[in-house]
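what follows is a predicted structure for the sequence shown.
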Amino acid sequence: MKKILLLCMVLNFLMFGCGGSSDGLLATSSVTATIDTRVMDSDIASWVDATACTGGSIPAADSVNATIKSTAYPLSGSMGLSIRIKSATISYSPANSATPPMSSEFQTIGMTIDAGSSATIPVRVATQEQKIRLQSALACNSIIYKYYTKISFDIAEIGSDKSITVDSSMDLRLADFVDK
């Protein structure tokens, strides 16, 4: 009886992974995504004279590094299939009622990694276009827009019909931060 129970537990783990979720599970490997920054402050303007808000420019886009890791299943040996990281969708949820909604962004990636390896990918979380759109509301004041940001990676296993979405998250704060 104990052997049957143990066999059922092992089969359940292999089919569903930890926590009963199938997120990140492919035919021959599991995939995780982690972000190197928990909270990012993104400046929407740089000023020549910050006290008078004159001579401004829009700073470059801000990115975070995402590490995508593929781990071959123990029973599949070292011959897990490669994965293709096709794209990332960056979704923004306002963290409070003072923060306006913001449209999702899409980033094509198109990178392939072998099973059992990882890759670090820069993901734009605050584009120059977003900064331009927010500049009239945030320039030269102390308002900070806060977003819960979810980065969803579209991943396909090469050689199988399996595709998954793997999520990671962070907080993004947009404001006219004091220029240094």
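Yep, it's here. The structure presented is a predicted model; accordingly, all values stated were derived computationally and were not measured.

what about the protein, any weak spots by pLDDT?
Across the chain, the ranges flagged by pLDDT under 70 are 1-23, 50, 55, 76-78, 179-180.

and the residue most central in space within the chain, what is it in contact with?
Within the chain, one residue has its C-alpha closest to the average C-alpha position: by Cα atoms, centre = their mean, that is Ile151, at 2.8 Å. Residues in contact with Ile151 (Cβ atoms under 8 Å, 6 or more residues apart in numbering) are 33, 35, 64, 66, 88-91, 123, 125, 167-170. Heads up, the C-betas are built off the backbone N, CA and C, glycines and all.

ok, of these, which come out buried?
33, 35, 64, 66, 88, 90-91, 123, 125, 168, 170 (16 or more other Cβ atoms under 10 Å).

give me the distance between Arg38 and Pro74.
31 Å (Cβ to Cβ, to the nearest Å).

what separation do you get for the residue nearest to the centre of the chain and Glu105?
10 Å.

which neighbours do those two share?
89-90, 125.

give me the nearest residue to Ser93, chain neighbours excluded.
Tyr148 (4.5 Å; Cβ to Cβ, 6 or more residues apart in numbering).

compute the number of surrounding residues for the one you found.
14 (other Cβ atoms under 10 Å).

before we move on, which element is it in?
If you go by DSSP states H and E, Tyr148 is part of strand 144-157.

may I have that strand exported as CSV, CA atoms only?
Coordinates of each C-alpha in strand 144-157 appear next as CSV, following Å, rounded to 0.1, in the frame of the first residue of the first chain:
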residue,chain,number,x,y,z
ILE,A,144,4.8,59.1,-8.4
TYR,A,145,2.8,56.6,-10.5
LYS,A,146,3.2,53.1,-9.1
TYR,A,147,2.5,49.9,-11.1
TYR,A,148,2.5,46.2,-10.3
THR,A,149,4.3,44.9,-13.4
LYS,A,150,4.0,41.4,-14.7
ILE,A,151,6.4,40.1,-17.4
SER,A,152,5.0,37.1,-19.2
PHE,A,153,7.4,35.1,-21.4
ASP,A,154,6.0,33.1,-24.3
ILE,A,155,8.1,29.9,-24.5
ALA,A,156,8.0,26.9,-26.9
GLU,A,157,9.8,23.6,-26.6
